[in-house]
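# Next come a sequence and a model predicted from it.
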2 protein chains.
Amino acid sequence: MDEGVLISAPGKVILHGEHAVVHGKVALAVGLNLRTFIKVLHTRDNAVLLNLPSIGSKLTWNVGQLQPLLPSFKGGHEPVSPRSEQLDLLRKFAGFSEGSQDTESQAVLAFLYLYLSICGQDIGGLNIVVWSQLPPGAGLGSSAAYSVCLAAALLSISGRISCPAQGCTEDVRWTETELKLINSWAFQGEKVIHGNPSGVDNAVATLGGALQFQAGQITPMKRVPMLQILLTNTRVPRSTKILVAGVKDKLLKYPSIIEPVLSSIHAISQECQRILEASSAALSIDQFKVLEELIDINQHHLNVIGVGHPSLDKLCQVTASHGLHSKLTGAGGGGCAITLLRPDVDHSVVEAVKQQLVDCGYQCWETSIGAPGVTLHSSLSLPEDIINAFSNV
Amino acid sequence: MDEGVLISAPGKVILHGEHAVVHGKVALAVGLNLRTFIKVLHTRDNAVLLNLPSIGSKLTWNVGQLQPLLPSFKGGHEPVSPRSEQLDLLRKFAGFSEGSQDTESQAVLAFLYLYLSICGQDIGGLNIVVWSQLPPGAGLGSSAAYSVCLAAALLSISGRISCPAQGCTEDVRWTETELKLINSWAFQGEKVIHGNPSGVDNAVATLGGALQFQAGQITPMKRVPMLQILLTNTRVPRSTKILVAGVKDKLLKYPSIIEPVLSSIHAISQECQRILEASSAALSIDQFKVLEELIDINQHHLNVIGVGHPSLDKLCQVTASHGLHSKLTGAGGGGCAITLLRPDVDHSVVEAVKQQLVDCGYQCWETSIGAPGVTLHSSLSLPEDIINAFSNV
């Protein structure tokens, strides 16, 4: 890791308030401990290598090729929104067609934008590897984790934020000001990828823990406990746009029936926040039971507003048959769900549930929420499977 | 049927608003076309025979035995509430112990109370058979249908309400004033049986159709269409008292989460009423689809307030797998559910669903709601199975 950095950022899940947030209610977003890792090493050969093994992409440019682009990218301390001319220029440079929306072209454009904007005249040879535990396109904030990793790594190697001395064996987090800068640049990366992102995903990937958001306002919650969960991807594809439109239609069709349901979801988010913030340490079993009750109620509400799916019903049945409580997270209509794992749940139960969910054709991860935000790793502290993943690319 | 009467009254189901009504919201109760029938014939031998084949009871008294009770029962036009001395007297007369709460003793006490109160000095020999399609104790208003049948029959034979000429081949319903008298006496019968009834069940059994009730006020709805349903009894026993208390506890624990759910249920009742009252004739398929949507939403809400049950989840799954929509009716926690049958549903589908529900161990009836209230039958118009039932007792 000589003269380089190894950084990770978490994914995100919506704990409560998806869809209701579109209608002005509170939602809670939490850091998901499925992380994206970036390793950046300086090289002496003036080559910029971007290796994205998770999506099977490996691209190389020469610094000399990139130099002519620099006049369009004033490297500076202040993050600025990408302009369409800049993106057109980058698209042309990388050889992507105008409407290209695939993961690779979005990842490459975001990298080039951040690299040129942050490093400016200081661009030099780099060997970059990004590896992610997050499935892309599953509503788990994989693009934000990627943008945050890129921003933090590029700000670190260009000396804009601190970088600890070599040989440090402890993971490091940055100061509030540095995190603000990372988040702000990551937000620009998200704009390259999504056009008009809410800013929630990059805030969670940067800050970790839990955030409250309402009417465009993002407020970090007080220190919250980490909670063990199963994260399950039903792999049923869905269109967030169509689901959001469906909720709006239902609200217009039955305002007096649906508006109270959104109010109830709002109150669920607030009650959940109250419980999480009240528990500086571990939650009591009674508090876990309240969290489970809130999950069950919200899952019913999400069905009422029309964003359920038979695959999610099946998932809830499977976990309920083992005494566990689940709700969809994000857009619904398939997609992902979270299942709370109380500390008193036996590991054999968790294994049985995971097996049953896999047998349904779902992907299933045993992980945690309330995960720490962007982190600079000492190589020693990195989990072995991730070291292996990096050494294999 | 010479010199006698044959009368029937419907059961009731709650279409929407169960539990919410306890907290001041609107509920809709509808006549259920599972009916209780009463046949009363004058006899010349001064014997009063009460035959209740549905519960396996057959009792006989002599008019001479009953005479000494009369001073305690001023027969009159005005229905009066049963006094505890009267009920003690009747209990002693019939040989029931003080706390007896079984179906037979309640049915006999209600009969004796209404017979002595309505007929007064005019008591004479009667042969009475009451036969019911309603399971007792299932929350379907079987005691109210019984009380309404008794009141209507005793008022008819004692000449307090009109009784058509012999040989009439059409079913007859009474005038509004007569129905009011029947309902009022039936309410006294309900008091004998239940102590403190709401009056909703006897109102539905008397008036049929659909009633709105809220905060103790009962308001008949405009003419509503009959709707075909499956009525299913999960046969899971439950305590209404405990379920009602559970909802109250949940409301106290999470007021800001649960109060909006009750408001949403209130709005569901109102929307349902609007649709039913707007349709003087048959509903359109679009209107049926709205009714189905309301059923689904309310079933989720009833789960949220804690009155669901795995047996009801199973029932909803079975019917949903055939494209049909169900909700619990009444107290929940097991008990009964209704499944709406759209007119475009193929009979083979209905048969398949019924078979699957029976295979779950449930009882299932294909019947209708919005059924007519208390009716005086000409013997010719009575369905054959009911004529057979009567001729076999």
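Nice, I can see it.

# Apart from its chain neighbours, what residue comes closest to the residue of the stretch 1-150 of chain A found nearest chain B?
In the stretch 1-150 of chain A, the residue that lies nearest chain B is A:H16 (10.8 Å; C-beta to the nearest C-beta). Every residue, glycine included, has its C-beta placed from N, CA and C. Spatially, and ignoring its direct neighbours in sequence, A:H16 is nearest to A:S269 (4.3 Å; C-beta to C-beta, 6 or more residues apart in numbering or on different chains).

# Now that neighbour, what are its backbone angles?
Backbone torsions of A:S269, given as degrees, to the nearest 10, read phi -60, psi -40.

# For it, grab the count of nearby residues.
25 (other C-beta atoms under 10 Å in any protein chain shown).

# these two touch, right, it and A:L28?
Yes. Between A:S269 and A:L28 there is a contact under C-beta atoms under 8 Å: 5.2 Å.

# so what's in contact with these two at the same time?
A:L15, A:H16, A:G17, A:Q212 (C-beta atoms under 8 Å, 6 or more residues apart in numbering or on different chains).

# ok, now how distant is the first one from B:R235?
Separation of A:L15 from B:R235 (C-beta to C-beta, to the nearest Å) stands at 39 Å.

# where are the low-confidence patches of chain A?
A:1-3, A:75-77, A:164-168, A:280, A:380-381, A:391-393 (pLDDT under 70).

# so where do the helices sit in the stretch 151-300 of chain A?
For the stretch 151-300 of chain A, helices defined by DSSP state H, counting those that start in this stretch occupy the ranges A:176-194, A:200-207, A:240-253, A:255-278, A:285-304.

# Highest mean neighbour count out of the ones you listed?
Comparing those by mean neighbour count (mean count of other C-beta atoms under 10 Å in any protein chain shown), helix A:200-207 comes out on top with a mean of 28.

# Same question for stretch A:148-160: list its buried residues.
Buried residues in stretch A:148-160, counted by 16 or more other C-beta atoms under 10 Å in any protein chain shown: A:V148, A:C149, A:L150, A:A151, A:A152, A:A153, A:L154, A:L155, A:S156, A:I157, A:S158, A:R160.

# before we move on, back to that, between A:L15 and B:R235, who's got more neighbours?
Neighbours per residue (other C-beta under 10 Å) separate A:L15 from B:R235, with A:L15 holding more: 30 against 15.

# Work out for me the element the more buried one sits within.
Assessed by DSSP states H and E, A:L15 sits inside strand A:4-16.

# now the strands for the stretch 51-200 of chain A?
Assigned by DSSP state E, counting those that start in this stretch, the stretch 51-200 of chain A shows strands spanning A:57-62, A:126-132.

# can you list the residues of the stretch 201-350 of chain A near chain B?
A:254, A:256-258, A:260-261, A:263-264, A:267-268, A:270-271, A:294, A:296-297, A:300-301, A:303-304 (C-beta under 8 Å from any C-beta of the partner chain).

# again, only this time at 6 Å
When proximity is defined by C-beta under 6 Å from any C-beta of the partner chain, the stretch 201-350 of chain A lies next to chain B at A:S256, A:I257, A:P260, A:V261, A:S263, A:S264, A:A267, A:I268, A:I297, A:H300, A:N303, A:V304.

# In TSV, list the residues you listed along with distance to A:I218.
Formatted as TSV, those follow (distance: C-beta to C-beta, whole Å):
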residue	distance to A:I218
A:S256	31
A:I257	30
A:P260	26
A:V261	24
A:S263	22
A:S264	23
A:A267	20
A:I268	19
A:I297	25
A:H300	28
A:N303	28
A:V304	27
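
# Identify the residues contacting A:G370.
A:G370 makes contacts with A:V30, A:G209, A:A210, A:V224, A:M226, A:L227, as judged by C-beta atoms under 6 Å, 6 or more residues apart in numbering or on different chains.

# again, only this time at 8 Å
A:V30, A:G31, A:G208, A:G209, A:A210, A:V224, A:P225, A:M226, A:L227, A:L276.

# what about the fifth one, how many neighbours?
If you count neighbours by other C-beta under 10 Å, A:A210 ends up with 26.

# contacting residues for it?
A:L15, A:L28, A:A29, A:V30, A:G31, A:P220, A:M221, A:V224, A:Q273, A:L276, A:I369, A:G370.

# now swap in A:L6 and tell me
With the criterion set at C-beta under 8 Å, 6+ apart, A:L6 makes contact with A:F37, A:I38, A:K39, A:L376, A:H377, A:S378, A:S379, A:L382.

# Repeat that for A:G189.
Shown in contact with A:G189 (C-beta under 8 Å, 6+ apart): A:A110, A:Y113, A:L114, A:S143, A:Y146, A:S147, A:V148, A:L150, A:A151, A:N202.

# Just the ones of these in helices?
A:A110, A:Y113, A:L114, A:S143, A:Y146, A:S147, A:V148, A:L150, A:A151, A:N202 (DSSP state H).

# In this structure the second one contacts A:D88, no?
This means A:Y113. No. Counting by C-beta under 8 Å, A:Y113 does not reach A:D88; the two are 11.8 Å apart.

# between those two, who's got more neighbours?
Per other C-beta under 10 Å, whichever of A:Y113 and A:D88 has more neighbours is A:Y113, with 24 against 11.

# quick one: the strand or helix carrying A:T36 to helix A:200-207, angle?
Element membership for A:T36 (DSSP H and E) is strand A:27-42. Angle between the axes of strand A:27-42 and helix A:200-207 is 60 degrees (criterion: axes from the mean of the first three to the mean of the last three C-alpha atoms, to 10 degrees).

# Just name whatever secondary elements strand A:27-42 is in contact with.
Using 3 or more C-beta pairs under 8 Å, 6 or more residues apart in numbering or on different chains; DSSP states H and E, the elements in contact with strand A:27-42 are strand A:4-16, strand A:126-132, helix A:142-157, helix A:200-207, strand A:210-214, helix A:255-278, strand A:363-369, helix A:384-391.

# Which among these is found nearest to B:G308?
Of all the helices and strands packed on strand A:27-42, it is helix A:255-278 that lies closest to B:G308, at 16.5 Å by C-beta to C-beta.

# elements contacting that closest one?
strand A:4-16, strand A:27-42, strand A:210-214, helix A:240-253, helix A:285-304, helix B:255-278, helix B:285-304.

# what's the neighbour count on A:L59?
A:L59 is flanked by 16 other residues according to other C-beta under 10 Å.

# bridging residues for it?
Judged by DSSP bridges, the bridge partners of A:L59 are A:L50.

# ok, it - contacts?
If you count contacts by C-beta under 8 Å, 6+ apart, then A:L59 has A:L49, A:L50, A:A94, A:V108 around it.

# By neighbour count, which of the residues you listed wins?
A:V108 (24 neighbours).

# Pull up the gap between the closest residue to that residue other than its chain neighbours and A:V80, please.
Leaving aside its sequence neighbours, A:V108 sits nearest to A:A94 (C-beta to C-beta, 6+ apart; 5.5 Å). In this view, A:A94 and A:V80 are 20 Å apart by C-beta to C-beta.

# what do you get for A:I229?
Taking C-beta to C-beta, one finds A:I229 at 37 Å from A:V80.

# Could you do A:F111 as well?
In terms of C-beta to C-beta, A:F111 sits 17 Å off from A:V80.

# So which of those two has more stuff around it?
A:F111 (24 against 13).

# isn't that one right up against A:N51?
No. Here A:F111 lies out of contact with A:N51, judged by C-beta under 8 Å, at a distance of 11.0 Å.

# Which neighbours do those two have in common?
Joint contacts of A:F111 and A:N51 (C-beta under 8 Å, 6+ apart) are A:I128.

# Please name the residues that touch the residue in the stretch 101-250 of chain A that chain B sits nearest to.
Chain B sits closest to A:K250 of the stretch 101-250 of chain A, with a gap of 8.7 Å, by C-beta to the nearest C-beta. Listed by C-beta under 8 Å, 6+ apart, the contact partners of A:K250 are A:I258, A:I305, A:G306.
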